[in-house]
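Asks: have a look; sequence and predicted model below, questions after that.
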Amino acid sequence: MYHTYILRSVPKGTLYVGTTRDVEKRLRAHNAGRNQSTRPYVPFEVVRVEDFERLCDARKREWYLKCTPAGGKEKKRLAAGG
């Protein structure tokens, strides 16, 4: 099982999208500062997780949320609880 996740920076409110097989392990890595792109924004909280059988589907979803205008709007809506 693969997961596409959305994290929110607790102090700054910025959102981060990623894909992993283990969301809790990945969250610990982000919060430990092991990811250069998110290090300035720690700590993070998980706001959304979507499950996929295939890695390619999880990556497509990640790309959509990160790289398209419609996906960016959806990412914000999902992070707000919508």
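Replies: Structure's in. What do you need?
Asks: what helices or strands is the helix ranked longest in the chain leaning on?
Replies: Criterion DSSP state H: the longest helix present in the chain is helix 55-67. When contacts are defined as 3 or more C-beta pairs under 8 Å, 6 or more residues apart in numbering; DSSP states H and E, helix 55-67 packs onto strand 2-9, strand 15-20, strand 44-52, helix 69-79. In this view, the C-beta of every residue, glycine as well, is placed from N, C-alpha and C.
Asks: residues in contact with the lowest-mean-pLDDT helix or strand in the chain?
Replies: In the chain, no helix or strand scores lower on mean pLDDT, DSSP states H and E than helix 69-79, which sits at a mean of 94. Applying C-beta atoms under 8 Å, 6 or more residues apart in numbering, the external contacts of helix 69-79 come out as 6, 8, 15, 17, 47, 48, 63, 64, 65, 66.
Asks: pull out the buried residues from it.
Replies: 71, 75, 78, 79 (16 or more other C-beta atoms under 10 Å).
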